[in-house]
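Peer 1: next comes the sequence, and after it the predicted model I'd like to discuss.
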Amino acid sequence: GNTLASQNKMEPAVNSFRQAAALRPDYAEAHHNLGLALMLQKKLGEAEEQFRLTISLAPGLAIAYQNLGYVLDGQGKHAEALEQYRKAQQLAPALERK
């Protein structure tokens, strides 16, 4: 999936990440990568679901909170996005908000 995404082949990348998540539903990184690929495709609702799942599996993964903030911002949920950005910064103060 990562190789396909780096080649900007997003649909095959999404399919690959979906397969990885199906094979290992408890593997947070597979869900996070799927969320990233969906975010790049502007499928923000689906990306939100994947980032929330990632956080439930790996609550210490700061970047997942940051990316959840991005998709919430993109959906006009600014107050909730700000909450996620704050959580990300609490976990990893070096993270920058874009």
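Peer 2: Ah, there it is.
Peer 1: list the contacts for L57?
Peer 2: Contacts for L57 (Cβ atoms under 8 Å, 6 or more residues apart in numbering) come out as D26, Y27, A28, H31. Using the backbone N, CA and C atoms, a C-beta is placed for each residue, glycine as well.
Peer 1: make it 10 Å
Peer 2: Residues counted as contacts of L57 (Cβ atoms under 10 Å, 6 or more residues apart in numbering) are P25, D26, Y27, A28, E29, A30, H31, H32, A64.
Peer 1: could you check how far it is from F51?
Peer 2: As judged by Cβ to Cβ, to the nearest Å, L57 and F51 stand 11 Å apart.
Peer 1: ok, now A58?
Peer 2: In terms of Cβ to Cβ, A58 sits 11 Å off from F51.
Peer 1: find residues that contact each of those two.
Peer 2: Both A58 and F51 are contacted by H31, H32, A64, under the criterion Cβ under 10 Å, 6+ apart.
Peer 1: who wins on neighbours among those residues?
Peer 2: Greatest neighbour count in the shared contacts of A58 and F51, by other Cβ atoms under 10 Å, goes to A64: 29 neighbours.
Peer 1: thanks again, I'm all set now.
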